[in-house]
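[1] here is my input; please provide its structure:
(2 chains)
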Amino acid sequence: MKIKEKLNKLIKESIRIIYIASDEQRGDIFDKVMVEEPNDKNHGDYSFPVMKISPTFLNSKRNAKKMGVSEVMKGEEDPRKTAELIKSEIEKNKPEWLERVEIAGPGFINFFLSKEYFASSLRSANIEVESLKGENIFVEHTQPNPFKEFHIGHLMNNVIGEAISRILKVNGATVKTATYHGDVGLHVAKAIWAVLNYNLDKVELVNGQAYAKGNNAYEEREEVKKEILEINKKIYDRSDEKINELYDEGRKKSFENFERLYGRLGSKFDFHFYESESGEIGKDIVLKKKDEGVFEESDGAVVFKGEKYGLHTRVFLNKEGLPTYEAKEVGLAKIKKDSFSYDKSVTVTANEQDSFFDVVEKAIGDVYPDLSGVLNHISHGMLKLPSGKMSSRTGNVITAESLVDIVKEKVVEVVKERGFTKEESEEVSEKVALAALRYSILRGAIGGDIIFDIEKSISFEGDSGPYLQYAHTRAKSVLEKAKQEGVDMNFDLPVGWESVNLERLIVRFPEIVERAGREYAPHLLVTYLTELAGEFNSWYGREKIVDLNDLSSGYKLAITQSFANVMERGLWLLGIEIAKKM
RNA sequence: GCUCCCGUAGUUCAAUGGAUAGAACGAGAGACUUCUAAUCUCUUAAUGCAGGUUCGAUUCCUGCCGGGAGCACCA
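    Predicted coordinates:
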């Protein structure tokens, strides 16, 4: 049993005894008694707010429900008095893992874990996290579109999606990843129209230039709009040789580019889905379900009236009878269902699609009732540049690759003075650059925009990916030195040892991973690892770790080793690679 | 106009309804003959406004102000 559960049980027991002793309500009705994790270390490792079992608190219906209490409560009002009772009850039979219990503030009981507990936790390092064991989860992310650039928005999406799927995996879930490509649709028609009319080459067909030009013409001239819609239709029915040739070539080239990038970013997908498949399937489903009343005809198009759910109407099949993005999403839902039997599906997109997904998820729920409620949509903000809004429609884009390269070049400059070989320099720069980017993207809660100031993002001081990598590299270096000097690691508690904050923090790791998985929140992990690295660096500055004359040196090495393990594991979850030298 | 998201130190971000609102950058002062100074130590500074619910509100509710996104045949 995890320490937190043990503690909860202990508190529950005590409450039960107190209530029975005072002949009041039954004490075992507090199902949801839970300790909290205080932000301030002075408040202990865990803390329990006794106010939450006071009658005043529980006689509010909302609170009673939260705490799992169903009866009207009577009893002691003063939380500090109750706290005293609980404390003395616990102290009657204090377990070894508990150092001491304190009462503080308006009625908190603070629990301090013992150094024996920390020592034994460090020893049994690889604690399994099983909160999502048995769950099958589909994670869909990145979704770059052929005939358009893989831009920094896709990079952001990829970084988030990758981190989330890794976090879910270590929580015990079976995770399958998918990326979904818009290989048909109006954007393709726009790109092909531009190539045919402006005599562009194959490079421009796939690098977004053709798309941007086609889009401009589409918006400015009514007759072009018609031509492009015509091309769009021909792409679907493959009736035009020349268009087929451009399409096939562009599609192939685009995917070659994407594959190269996935390799560089370390993303592997279990499935690649395409709108060319989902479109047809979606169209069939929409037409079938139109007869059953899920969708209806309106102004020549087939729409879903979201108003019945407090949302708005969206078009699923356009006047031409072609599936829009919406219908494709319905088709995709079926493809995903057929590919992997999942309990939950997570789709990562930009937040400009929020209201779109609200409607589409309802529509899918009406089509497949078993999917109702299992689709999760996680959205992030824009990766904004100081220069203004990036738009692939106008061709004003920064590609993911060019951004990584810009950052990498700066790192190469920093690394120059370190006497690395060419290969070492190349390897370190790539890892550090990607770490810097990943960190900037993942450090805040998912949802908001990220103002991407290139200059600032490549400053490696303070909170940053390289800061974490550096702390890990340092720890490894210490361990290496110990090996050479013949100092052995030892998990036995030295005589007179006082626990350090670093130990407290290391032992917390599984809890953080669990919460990050439950809340789809990689930033919790980033915050934790940053604090952990800071604590290690600070400890490292204070203490001499490798020292033949120090009897606690072996234990310090054990702490160092545990720190390195946790950091490496944590960085992997964020998609950040470690470096041997820095 | 309607809907959704967001307003926390000068800046970029934290804070499961809890205790003295945490970091980092910037600015200022220090620390390498000692395990990697991409580091460490100290100082500085913030909850948009007005109400409400609560023992307790940055967090929940209402209004206002300010910013962003989306609102029919694009993705």
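[2] ok, now which ones touch the residue nearest the centre of chain A?
    By CA atoms, centre = their mean, the mean C-alpha position of chain A lies nearest to A:I164, the distance being 3.4 Å. Residues counted as contacts of A:I164 (CB atoms under 8 Å, 6 or more residues apart in numbering) are A:139, A:141, A:346, A:348, A:378, A:520, A:522. (C-beta placed from N, C-alpha, C; glycine too.)
[3] what's the helix or strand containing A:L434 packed up against?
    Using DSSP states H and E, A:L434 falls within helix A:422-442. Contact here means 3 or more CB pairs under 8 Å, 6 or more residues apart in numbering; DSSP states H and E; on that basis helix A:422-442 packs against helix A:152-170, helix A:400-415, helix A:454-457, helix A:465-485, helix A:522-542, helix A:553-574.
[4] please identify the most buried of the ones you listed.
    helix A:152-170 (a mean of 25; mean count of other CB atoms under 10 Å).
[5] which neighbours in the sheet does the following helix or strand past that helix have, and how are they oriented?
    Sequence order places strand A:174-181 as the next helix or strand after helix A:152-170, per DSSP H and E. When sheet partners are counted by DSSP bridges, strand A:174-181 sits next to strand A:136-140 (parallel), strand A:271-274 (parallel).
[6] of all those strands, which lies closest to RNA strand B?
    strand A:271-274 (10.5 Å; CB to the nearest atom of the strand).
[7] would you mark the buried spots in the closest one?
    A:273-274 (16 or more other CB atoms under 10 Å).
[8] just the contacts of A:I164: which are in strands?
    Mapping those onto strands (DSSP state E) picks out A:139, A:346, A:348, A:378.
[9] which one (most neighbours) among those residues?
    Highest neighbour count within the ones in strands among the contacts of A:I164, by other CB atoms under 10 Å: A:V139, with 28 neighbours.
[10] how about that residue: what's its closest non-neighbour residue?
    Among residues not flanking A:V139 along the chain, A:S165 sits closest, at 4.2 Å (CB to CB, 6 or more residues apart in numbering).
[11] is it true that the one you found touches A:T177?
    Yes - if you go by CB atoms under 8 Å, A:S165 and A:T177 touch, sitting 5.2 Å apart.
[12] residues near A:R260, how many?
    Residues near A:R260, counting by other CB under 10 Å: 12.
[13] is there proximity between the host helix or strand of it and RNA strand B?
    Element membership for A:R260 (DSSP H and E) is helix A:241-265. No - against RNA strand B, helix A:241-265 shows no contacts by CB under 7 Å from any atom of the strand, the least distance being 13.1 Å.
[14] measure the residue nearest to the centre of chain A to RNA strand B for me?
    15 Å (CB to the nearest atom of the strand, to the nearest Å).
[15] what would the strands paired with strand A:174-181 look like in TSV with distance to RNA strand B?
    Formatted as TSV, the strands paired with strand A:174-181 follow (distance: least, CB to the nearest atom of the strand, whole Å):
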stretch	distance to RNA strand B
strand A:136-140	13
strand A:271-274	10
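[16] can I get the ones in strands among the contacts of A:I164 in JSON lines with pLDDT?
    Below are the ones in strands among the contacts of A:I164 laid out as JSON lines (pLDDT from 0 to 100):
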{"residue": "A:V139", "pLDDT": "97"}
{"residue": "A:V346", "pLDDT": "96"}
{"residue": "A:V348", "pLDDT": "96"}
{"residue": "A:I378", "pLDDT": "95"}
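[17] okay, and for chain A, where does confidence drop off?
    A:19-31, A:68-75, A:125-127, A:385-396, A:457-458 (pLDDT under 70).
[18] would you confirm that A:L573 contacts A:V513?
    Yes - contact criterion CB under 8 Å: A:L573 and A:V513 qualify, at 7.2 Å.
[19] so what's in contact with the two at the same time?
    Joint contacts of A:L573 and A:V513 (CB under 8 Å, 6+ apart) are A:167, A:170, A:525.
[20] so what's the last one up against?
    Pointing back at A:L525 there. A:163, A:167, A:442, A:512-513, A:516, A:570, A:573-574.
[21] switch to 6 Å and redo it
    Counting by CB atoms under 6 Å, 6 or more residues apart in numbering, A:L525 makes contact with A:512, A:516, A:570, A:573.
[22] ok, those residues vs RNA strand B, which is closest?
    Distances from RNA strand B to the contacts of A:L525, taken by CB to the nearest atom of the strand, are shortest for A:A516, at 10.5 Å.
[23] which secondary structure element contains the closest one?
    helix A:501-518.
[24] how much space between the residue in the stretch 201-350 of chain A positioned nearest to RNA strand B and A:A579?
    Among all residues of the stretch 201-350 of chain A, A:N318 sits closest to RNA strand B, at 2.1 Å; criterion: CB to the nearest atom of the strand. Here the criterion is CB to CB, to the nearest Å. By it, A:N318 lies 51 Å from A:A579.
[25] same check on A:K176?
    30 Å.
[26] also A:G486?
    Taken as CB to CB, the span from A:G486 to A:A579 is 26 Å.
[27] neighbour-wise, which of those two wins?
    A:A579 (20 against 8).
[28] list the contacts of the more buried one.
    A:428, A:431, A:469, A:473.
[29] let's see it at 7 Å
    A:428, A:431-432, A:469, A:473 (CB atoms under 7 Å, 6 or more residues apart in numbering).
[30] same question for A:L200.
    Each residue near A:L200 by CB under 7 Å, 6+ apart is listed here: A:194, A:209-210.
[31] gap between it and RNA strand B?
    Distance, A:L200 to RNA strand B, by CB to the nearest atom of the strand: 19 Å.
[32] the residue nearest to A:L10 when sequence neighbours are not counted is in what secondary structure piece?
    In this structure, A:L10 finds its nearest non-sequential neighbour in A:I90, 6.1 Å apart by CB to CB, 6+ apart. Under the criterion of DSSP H and E, A:I90 resides in helix A:79-91.
[33] again, but for A:F48
    Residue-wise, A:F48 maps onto strand A:46-49 under DSSP H and E.
[34] what's the following helix or strand after that strand?
    helix A:55-58.
[35] that following helix near RNA strand B at all?
    Yes - against RNA strand B, helix A:55-58 shows contacts by CB under 7 Å from any atom of the strand at A:56-57.
[36] got the contact list for A:V188?
    A:V188 neighbours (CB under 7 Å, 6+ apart): A:147, A:235, A:247.
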